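>>> prediction below, plus the sequence it came from.
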Amino acid sequence: MEQLSVFVTTFNNARTLRACLDSVKWADEIVLLDSYSSDTTLDIAREFGCQIFQHAFLGYGKQKQLALEKTTHRWVLLLDADEALSSELCSQIQTVLREGPRADGYELPRQEQMFWRMAHPGGRMNYFLRFFDKTKGRLSDMPVHAAPKVIGTLRRLHAPFYHYGEVSVHEKVDKVNAYSSGLVADKLAKGRRAHPWIMVFYPPLYFVRIYFFKRNFLNGWAGFIASAVSAFYVFLKYAKLYEHHRRAKHGDGLLPPGAPPSGK
């Protein structure tokens, strides 16, 4: 039977960490890499016998890769501190480990908390590669949304894991604002430019995709709000990229003489 290392990165995650660790307490090892939390995150980690390390935050991809490198078993499971496995998914992963993996990595469906409710199970969940053979993979270096990349075969398990990250509209808007800023540097590094018409047409199309084709309408008004904010996220990514190029071209030249510098 294959042994399993779970790895988690944290920073002030006391609200959600207990649920996360409780769902994987059966694993052979839990590695927790913390960015110097000031709440009770480390106290909770000690309760579950985690292997605790600390390091200043390096960015999402580099921080998770560092946590991965501290695991001791070949098969690993990546969880964020605001995620937890369902009991059904625990059973499926344990079966794979017991019978022997038939792939180099497994994608898992994520069921989202949507403000005041969990997403309807009839919606189309996104699949994420989280359970994999670390000799075949590593984390991407994306500034946000860093994910494992595996060279080899992939399969899917179909029981969900839960994401408890967005408890309010306020929190979701804060996240999309921060994430969209973080992606600008990545798009610039890839030579991407933002045509202004993308801001006009792509967000509404994205809303239709999420609300109807991903079945977010099953979540009532929570689904409508989440779809609208997701479309706003798409808008922000291209709006901020377009803003960057405008500032690079004009600086403060389009402001009145004597206007204070924008500082951007």
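That came in fine, so what should we check first?

>>> just for the stretch 1-150 of the chain, where's the confidence low?
143-144 (pLDDT under 70).

>>> can you show me the helices along it?
14-23, 41-47, 60-69, 87-99 (DSSP state H, counting those that start in this stretch).

>>> including distance to residue 214 and mean neighbour count, could those go into JSON lines?
C-beta coordinates here come from the backbone N, C-alpha and C atoms, glycine included. Compiled in JSON lines, the helices of the stretch 1-150 of the chain are given as follows (distance: least, Cβ to Cβ, whole Å; neighbours: other Cβ atoms under 10 Å):
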{"stretch": "helix 14-23", "distance to residue 214": "24", "mean neighbour count": "20"}
{"stretch": "helix 41-47", "distance to residue 214": "33", "mean neighbour count": "18"}
{"stretch": "helix 60-69", "distance to residue 214": "24", "mean neighbour count": "19"}
{"stretch": "helix 87-99", "distance to residue 214": "20", "mean neighbour count": "15"}
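
>>> and the helix or strand where residue 230 lies, what does it pack onto?
Under the criterion of DSSP states H and E, residue 230 resides in helix 220-250. When contacts are defined as 3 or more Cβ pairs under 8 Å, 6 or more residues apart in numbering; DSSP states H and E, helix 220-250 packs onto strand 105-114, helix 169-189, helix 196-208.

>>> most tightly surrounded among the ones you listed?
strand 105-114 (a mean of 21; mean count of other Cβ atoms under 10 Å).

>>> chain center to that one: distance?
With Cα atoms, centre = their mean, to the nearest Å as the basis, strand 105-114 stands 10 Å off its chain's centre.

>>> report the contact partners of the closest residue to residue 232 other than its chain neighbours.
Nearest residue to residue 232, sequence neighbours excluded (Cβ to Cβ, 6 or more residues apart in numbering): residue 176, at 6.4 Å. Shown in contact with residue 176 (Cβ atoms under 8 Å, 6 or more residues apart in numbering): 229-230, 232-233, 236.

>>> and which of those residues is nearest residue 208?
residue 230 (11.3 Å; Cβ to Cβ).

>>> rewinding a little: buried ones in the helix holding residue 230?
222-223, 225-242, 244 (16 or more other Cβ atoms under 10 Å).

>>> please name the bridge partners of residue 34.
Residue 34 has these beta-bridge partners by DSSP bridges: residue 10, residue 54.

>>> look up which residues are beta-bridged to the residue nearest to residue 121 when sequence neighbours are not counted.
Excluding its sequence neighbours, the residue lying closest to residue 121 (Cβ to Cβ, 6+ apart) is residue 111, at 6.8 Å. Per DSSP bridges, the residues bridged to residue 111 are residue 162.

>>> distance of residue 79 from residue 31?
11 Å (Cβ to Cβ, to the nearest Å).

>>> where do the contact lists of the two overlap?
Common neighbours of residue 79 and residue 31 (Cβ under 8 Å, 6+ apart) are 6-8.

>>> quick check on the residues you listed: which are buried?
By 16+ other Cβ under 10 Å, the shared contacts of residue 79 and residue 31 give 6-8 as buried.

>>> which of those lies closest to residue 52?
When these are compared against residue 52 (criterion: Cβ to Cβ), the nearest one is residue 8, at 10.3 Å.

>>> let me see the mean pLDDT of stretch 173-192.
For stretch 173-192, mean pLDDT rounds to 83.

>>> so what's residue 255 closest to, chain neighbours aside?
Leaving aside its sequence neighbours, residue 255 sits nearest to residue 262 (Cβ to Cβ, 6+ apart; 7.6 Å).

>>> run a quick neighbour tally on that neighbour.
With neighbours defined by other Cβ atoms under 10 Å, the count for residue 262 comes to 9.

>>> related to what we said a few turns ago, any idea how far the helix holding residue 230 is from the chain center?
18 Å.
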